[in-house]
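Engineer: Just a sequence and a predicted model for now, questions to come.
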Amino acid sequence: MLKFLKGVVAGSGAGLKDLPYNIGEPYSLAWGSWVHYRGTSKDDGAPVSIFSLSGSNANDGHLVAGRNGVKRLRTVRHPNILSFLHSTEAETFDGSSTKVTIYIVTEPVMPLAEKIKELGLNGSQRDEYYAWGLHRIAKAVSFLNNDCKLVHGNVCMASVVVTQTLDWKLHAFDVLSEYDGNNEAATGPMLQYEWLIGSQYKPMELSKADWSTIRKSPPWSLDSWGLGCLIYELFSGTKLSRTEELRNTANIPKSLLQDYQRLLSSAPSRRLNSSKLLENSEYFQNKLVETIQFMEILNLKDSVEKDTFFRKLPNLADQLPRQIVQKKLLPLLASSLEYGSATAPALTALLKMGSCLSAEEYGVKVLPTIIKLFASTDRSIRVGLLQHIDQYGESLSAQMVDEQVYPHVANGFSDTSAFLRELTLKSMLILAPKLSQRTMAGSLLKFLSKLQVDEEPAIRTNTTILLGNIASYLNDGTRKRVLINAFTVRALRDTFSPARGAGIMALCATSSYYDATEIATRILPNVVVLTVDPDSDVRSKAFQAVEQFLQLVKQYYEKTTGDATGASGTGISLPGNASLLGWAMSSLTLKGKPSEQSTLTTTNTSAPLVSSISNASSAMDDANLPPVRVNSRTDFTDLADHPPPVSPTTSTDGWGELENGLHADHESDKDGWDDMEPLEEAKPPAALANIQAAQKRPVSLPKSQATNPRPRSTLKTSKDDDEDLWGAVGDPAPKAKTLNTKARRAVDEDDDPWGAISAPVPKSSSSSRQLNAKQSADDDLWASIAAPPPTTGHKPLSAGRGIRGTKPAAPKLGAQRINRTSSGPGV
């Protein structure tokens with residue numbers, strides 16, 4: 001018989017050596033003869049609680065009752081009853097004596113009396129916490145009495161423990177027995193181990209061992225008395241020593257007093273059922289109890305109720321005890337978000353509750369949930385994560401970002417919602433520094449290349465700003481391949497004026513990454529032209545940038561002049577260059593249509609990374625203004641004739657290949673500027689150029705200038721550019737077109753003081769202009785200073801209709817109207 005009982009109690013272990021848990025320090029309080037230890041699992045170090053009960057021999061009465069408690073705890077399962085994990089019974093020898101010990105392993109808990117002292121709650125917060133705890137114990141007692149027809153027999157403060165989430169749970173089942181009130185033939189005690197109950201906790205009928213009265217009473221009569229004892233000990237703060245102390249109601253809350261008296265009624269049949277206590281008492285109607293109850297039955301609520309609740313939760317959490325919020329509400333909220341029962345506003349409450357946690361606790365309780373939420377397909381959840389990324393982004397490790405977060409965030413770059421695309425873009429300010437070089441060059445920069453031609457002007461502007469901010473995290477090869485092309489080829493030619501301004505500021509902020517050759521041949525020529533931009537803000541930034549880059553070139557000149565061995569490719573930066581990053585991401589307040597966007601106003605350069613969009617009408621006015629083409633001509637009279645650059649939405653000029661982004665040695669003869677208009681040499685005003693040409697023309701008839709077989713390149717794209725998004729590494733400086741050989745020789749041979757103000761040689765861009773120029777030169781040597789012939793000639797009078805013998809007129813270019821009459825041939 002003894003071996004059978006040992007087998008029932010032993011569980012998976014046969015002795016103390018086989019107990020897969022480490023026993024730690026004991027608590028000062030425990031129920032009955034049990035000792036409550038802290039413990040940990042040998043497998044994963046998870047915390048547990050270990051209860052031990054020792055006796056001199058296997059037939060000791062306490063051990064027999066303890067085995068009953070182990071059996072009941074293993075078989076009775078309820079959310080408000082202590083969770084059983086493992087049990088074993090060990091026999092040890094100490095000299096000539098034998099000692100038998102029962103071990104029970106449960107979830108980690110703490111005695112209620114010690115937990116109350118640790119929390120140190122006062123006032124209304126204490127009453128709310130007590131109400132919630134009593135609510136849980138009353139539900140456990142109601143489950144035993146009404147559903148299982150069991151009698152606990154010894155409900156008191158010692159039989160209640162508290163979990164790590166501050167839940168109250170009932171244990172100490174040594175006295176637990178079935179209720180046999182329907183058995184009229186039974187004469188013995190209904191509670192076999194009632195002698196373990198302290199006399200101060202026994203009602204009158206139990207003290208007298210009046211089992212017939214007990215059997216005639218309802219199943220809850222004994223445990224309702226125990227609930228009254230628990231309430232007294234809880235509010236008095238002392239352990240009950242005599243039954244008469246229960247009459248002292250000075251510390252009992254008024255809203256609970258009437259129910260307290262009914263629980264302790266002298267007549268067993270009139271005692272209040274614990275289930276009625278939960279339904280009728282006003283004491284349990286408070287914010288904490290209602291909040292936790294709502295969270296526990298969240299799956300039964302509709303979406304409107306959930307949304308309303310979670311919007312109020314952040315403010316409600318400030319009014320609740322902080323320990324309860326962090327240890328109870330926060331885990332509930334995290335679980336509901338992970339399993340999809342909570343709505344997007346719950347994320348705001350989660351982050352606010354977790355803001356008070358230590359870094360270690362935050363990484364355990366909040367970050368795992370956030371990382372799982374990034375894989376959610378719910379767009380509202382994704383938007384919430386990106387909007388609040390500044391609250392938790394710094395807590396994410398580089399490995400988490402690179403392997404778990406970024407793959408899901410990157411989907412937002414190609415989302416159909418402009419609002420989500422911009423939020424994804426803004427999030428890179430925090431996530432990009434934690435990305436590996438392979439991820440950044442192989443994935444992020446490709447997405448940014450597409451966003452720089454996005455249909456939304458604010459997104460194009462913010463993409464340029466982002467590149468300026470993350471430039472320091474790129475390797476040297478990637479910076480050389482990406483930055484100049486991104487800022488000049490695209491940003492400076494954008495039709496949206498704030499985008500052009502952002503390109504100028506990005507160039508200034510990253511000036512330390514460019515050498516003197518790049519500044520002189522690729523940056524300055526593109527920035528100077530913006531000094532005549534239609535937008536005043538862009539002009540102002542352009543002048544500042546020109547001054548800064550000229551100073552850099554001067555510094556390089558002074559360095560190379562003073563040191564003959566100085567390297568030509570050394571980058572130079574101005575002090576305080578980092579202050580130029582006084583601009584950053586904007587907020588796309590309206591979705592969808594570009595016309596609904598507003599102007600991006602750039603803040604002071606010394607301000608933090610902030611910018612905004614304002615005044616939608618002025619934004620579109622700026623967007624419609626034709627910005628100046630990249631050209632070195634400085635004739636202000638022709639400013640209005642400058643055509644706008646190709647729209648970024650159709651431009652596919654490249655930034656370079658991003659196959660791996662880890663090396664910059666691309667052996668390519670292309671300079672990445674094939675789609676750009678070559679720069680022309682500066683030409684004097686037209687009138688003076690004509691005088692100079694006339695003075696330098698020889699007496700003999702001049703030969704016509706050779707036509708340029710290749711027309712001037714204009715801004716265009718090719719299929720190759722689509723594949724090569726970034727251009728070649730270390731692009732050489734663009735070569736300016738050489739002037740016509742004879743025209744150059746004429747300028748060089750005659751050093752005339754009027755040459756500086758002479759008119760330029762007429763362009764040879766079309767054959768018609770060359771023919772006109774030749775004819776006029778043959779007739780009159782001074783024809784070059786006359787008014788230029790019209791570009792499109794009219795037909796001579798001799799070419800009119802009906803005159804025979806004249807040379808037929810040349811056919812007109814373009815579409816011709818054809819007379820499709822049905823009449824016969826003309827005469």
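Structural biologist: Alright, I've got the coordinates. Residues are numbered from 1 along each chain as shown.
Engineer: quick one, strands of the stretch 151-300 of the chain?
Structural biologist: 160-163, 168-170, 177-178 (DSSP state E, counting those that start in this stretch).
Engineer: meant to ask about the stretch 1-150 of the chain
Structural biologist: 21-26, 35-41, 47-55, 84-94, 97-106, 109-111, 150-151.
Engineer: V546 is nearest to which of those strands?
Structural biologist: Closest to V546 of these, according to C-beta to C-beta: strand 47-55, at 66.2 Å. Bear in mind the C-beta positions are built from the backbone N, C-alpha and C, glycine included.
Engineer: contacts for the closest one?
Structural biologist: 21, 23, 30, 33-41, 62-63, 66, 85, 99-109, 161, 164 (C-beta atoms under 8 Å, 6 or more residues apart in numbering).
Engineer: Name only those of the residues you listed that count as buried.
Structural biologist: Listed as buried from those are 21, 23, 30, 33-34, 36-40, 62-63, 66, 85, 100-109, 161; burial here means 16 or more other C-beta atoms under 10 Å.
Engineer: what residue ranges in the stretch 1-150 of the chain score low on pLDDT?
Structural biologist: Scanning the stretch 1-150 of the chain for pLDDT under 70 picks out the ranges 1-16.
Engineer: go on, the chain?
Structural biologist: Judged by pLDDT under 70, the stretches of the chain that qualify are 1-16, 184-187, 563-827.
Engineer: ok, now which ones touch the closest residue to T163 other than its chain neighbours?
Structural biologist: Leaving aside its chain neighbours, T163 sits nearest to V109 (5.4 Å; criterion: C-beta to C-beta, 6 or more residues apart in numbering). For V109, the contact set (C-beta under 8 Å, 6+ apart) comprises 49, 82, 161-164, 169, 171.
Engineer: try L230
Structural biologist: Neighbours of L230 in contact, by C-beta under 8 Å, 6+ apart: 134, 137, 155-157, 160.
Engineer: hang on, L121 packs against P321?
Structural biologist: Yes: with contact defined as C-beta atoms under 8 Å, L121 counts as touching P321 (5.9 Å).
Engineer: Touching both of the two, which residues are there?
Structural biologist: In contact with both L121 and P321: Y129, using C-beta under 8 Å, 6+ apart.
Engineer: Out of the contacts of V109, name the two that are farthest from one another.
Structural biologist: Pairwise over the contacts of V109, using C-beta to C-beta, the maximum falls at Q164 and H171, 15.4 Å.
Engineer: Now H78, what are its backbone angles?
Structural biologist: Dihedral pair for H78: phi -160, psi 150, per degrees, to the nearest 10.
Engineer: Just give the nearest non-adjacent residue to it, would you?
Structural biologist: F143 (5.2 Å).
Engineer: That neighbour contacts R77, correct?
Structural biologist: No: with contact defined as C-beta under 8 Å, F143 does not reach R77; the gap is 9.9 Å.
Engineer: Which one's more surrounded, these two?
Structural biologist: Set side by side, F143 and R77 show more neighbours around F143, with 20 against 10, by other C-beta atoms under 10 Å.
Engineer: Now for S266: which residues touch it?
Structural biologist: M204.
Engineer: And it, how far from L425?
Structural biologist: From S266 across to L425, the span is 74 Å (C-beta to C-beta, to the nearest Å).
Engineer: nearest residue to S397 other than its sequence neighbours?
Structural biologist: Nearest to S397 is K434, by C-beta to C-beta, 6+ apart, at 7.5 Å.
Engineer: Equivalent analysis for K541, please.
Structural biologist: Here the residue nearest K541, using C-beta to C-beta, 6+ apart, is I504, at 4.3 Å.
Engineer: The one you found contacts S497, doesn't it?
Structural biologist: No: counting by C-beta under 8 Å, no contact exists between I504 and S497, whose distance comes to 10.8 Å.
Engineer: which neighbours do those two share?
Structural biologist: V538.
Engineer: Out of the two, name the residue with the larger neighbour count.
Structural biologist: I504 (30 against 27).
Engineer: so the more buried one sits in a helix?
Structural biologist: Yes: assessed with DSSP: H, G, I helix; E, B strand; the rest coil, I504 lies in a helix.
Engineer: Enumerate every residue touching it.
Structural biologist: 492, 527, 530, 538, 541-542, 544-545.
Engineer: make it 10 Å
Structural biologist: By C-beta atoms under 10 Å, 6 or more residues apart in numbering, the contact set of I504 is 464, 487-488, 491-492, 526-527, 530, 533, 537-546, 580, 602.
Engineer: need the contact list for F284.
Structural biologist: 128, 131-132, 134-135, 138, 255-256, 259, 277-278, 290, 293.
Engineer: can you list the residues you listed in JSON lines and add distance to A375?
Structural biologist: Converted to JSON lines, the contacts of F284 look like this (distance: C-beta to C-beta, whole Å):
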{"residue": "E128", "distance to A375": "36"}
{"residue": "A131", "distance to A375": "39"}
{"residue": "W132", "distance to A375": "34"}
{"residue": "L134", "distance to A375": "40"}
{"residue": "H135", "distance to A375": "36"}
{"residue": "A138", "distance to A375": "40"}
{"residue": "S255", "distance to A375": "46"}
{"residue": "L256", "distance to A375": "47"}
{"residue": "D259", "distance to A375": "48"}
{"residue": "L277", "distance to A375": "44"}
{"residue": "L278", "distance to A375": "39"}
{"residue": "E290", "distance to A375": "32"}
{"residue": "Q293", "distance to A375": "30"}
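Engineer: Can you add neighbour count and distance to F309 and give those residues back as CSV?
Structural biologist: Listed next are these as CSV, based on neighbours: other C-beta atoms under 10 Å; distance: C-beta to C-beta, whole Å:
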residue, neighbour count, distance to F309
E128, 22, 18
A131, 19, 20
W132, 23, 17
L134, 24, 24
H135, 21, 19
A138, 28, 24
S255, 15, 25
L256, 22, 27
D259, 21, 28
L277, 25, 26
L278, 14, 21
E290, 14, 10
Q293, 13, 11
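Engineer: Out of these, which sit inside helices?
Structural biologist: Taking DSSP state H, the ones among the contacts of F284 that sit in helices are 128, 131-132, 134-135, 138, 255-256, 259, 277-278, 290, 293.
Engineer: okay, the strands of the stretch 1-150 of the chain in TSV with distance to D302 next?
Structural biologist: Output for the strands of the stretch 1-150 of the chain, formatted as TSV (distance: least, C-beta to C-beta, whole Å):
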stretch	distance to D302
strand 21-26	44
strand 35-41	41
strand 47-55	38
strand 84-94	36
strand 97-106	37
strand 109-111	35
strand 150-151	37
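Engineer: L234: which of those strands is closest?
Structural biologist: strand 109-111 (13.1 Å).
Engineer: Partner strands of that closest one and their direction?
Structural biologist: Using DSSP bridges, the strands paired with strand 109-111 in its sheet are strand 160-163 (antiparallel).
Engineer: buried ones in the partner strand?
Structural biologist: Under 16+ other C-beta under 10 Å, the buried positions of strand 160-163 are 160-163.
Engineer: What are the contacting residues of stretch 257-265?
Structural biologist: 138, 203, 220-221, 223-232, 235, 243, 246-247, 249, 252-253, 256, 270-274, 276-277, 280-284.
Engineer: Check these for burial and list the buried ones.
Structural biologist: Buried, going by 16+ other C-beta under 10 Å: 138, 203, 220-221, 223-232, 235, 243, 246, 249, 252, 256, 271-274, 277, 281, 283-284, out of the contacts of stretch 257-265.
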